[in-house]
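Trainee: Turn this into a model:
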Amino acid sequence: MATTDRPAPEPDRAPCPCGRGDSYGDCCGPLHRGERRAPSAEALMRSRYTAFAIGDAGHLVRSWHPSTAPEHVDLDPEEQWDRLEIVATTGGGPFDSEGTVTFRAHHHRGGRAGVLAEHSRFVREDGRWLYLDGS
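Mentor: The predicted structure follows:
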């Protein structure tokens, strides 16, 4: 019986893990590659979630405010991020200098489901949104 190997889908054409409905190449991909800046605190939050989902620790460090950023981020390759749920936002728009995003990030590891819930704070410096901290 003959089989046909199909090429793997291009990552840029795959749905973006952040859940906005766009392809990764049109959504969080350009932010990860440094081709554009996040237009809002929520967009940066979504790009950070996507960085966790695809294992891009570099984007996490680059998008963290220098006053609170760790030197590096160790990601657990066994942790699978399933879905991001934005609960609320305050500020964080084009004319704001700070904003918050409250979210739930659904994940699983070894057959066990979990939810990371956080109220994240963001600041904009020199036109660039940065993650400050979360509680």
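Trainee: When you work out contacts or count neighbours from here on, use the C-alpha atoms and nothing else.
Mentor: OK.
Trainee: How much space separates residue 28 from residue 110?
Mentor: 27 Å (C-alpha to C-alpha, to the nearest Å).
Trainee: When the two are compared, which one has more neighbours?
Mentor: Applying other C-alpha atoms under 10 Å to residue 28 and residue 110 shows that residue 28 carries more neighbours, namely 27 against 8.
Trainee: Now that one: phi and psi?
Mentor: phi -90, psi -20 (degrees, to the nearest 10).
Trainee: OK, contacts around it?
Mentor: Applying C-alpha atoms under 8 Å, 6 or more residues apart in numbering, one finds that residue 28 lies in contact with 16, 18, 46, 47, 50.
Trainee: okay if I get those residues as CSV plus pLDDT?
Mentor: Formatted as CSV, these follow (pLDDT from 0 to 100):
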residue, pLDDT
16, 96
18, 97
46, 98
47, 98
50, 97
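Trainee: Closest one of the residues you listed to residue 129?
Mentor: Distance to residue 129 across the contacts of residue 28 (C-alpha to C-alpha) is lowest for residue 47, with 11.3 Å.
Trainee: Which of the three states applies to that closest one?
Mentor: Taking DSSP: H, G, I helix; E, B strand; the rest coil as the rule, one finds residue 47 in the helix state.
Trainee: what comes into contact with the longest strand seen in the chain?
Mentor: The strand spanning the most residues in the chain, taking DSSP state E as the definition, is strand 112-125. Outside strand 112-125, the residues that touch it by C-alpha under 8 Å, 6+ apart are 41, 65, 92, 96-108, 129-135.
Trainee: Next: stretch 51-59.
Mentor: The contact list for stretch 51-59, computed with C-alpha under 8 Å, 6+ apart, reads 17, 32, 48, 60, 72, 73, 74, 75, 77, 80, 81, 82.
Trainee: List phi and psi for residue 26.
Mentor: Note on residue 26: backbone dihedrals following degrees, to the nearest 10 are phi -100, psi -10.
Trainee: List the residues that contact it.
Mentor: Counting by C-alpha under 8 Å, 6+ apart, the residues that residue 26 touches are residue 12.
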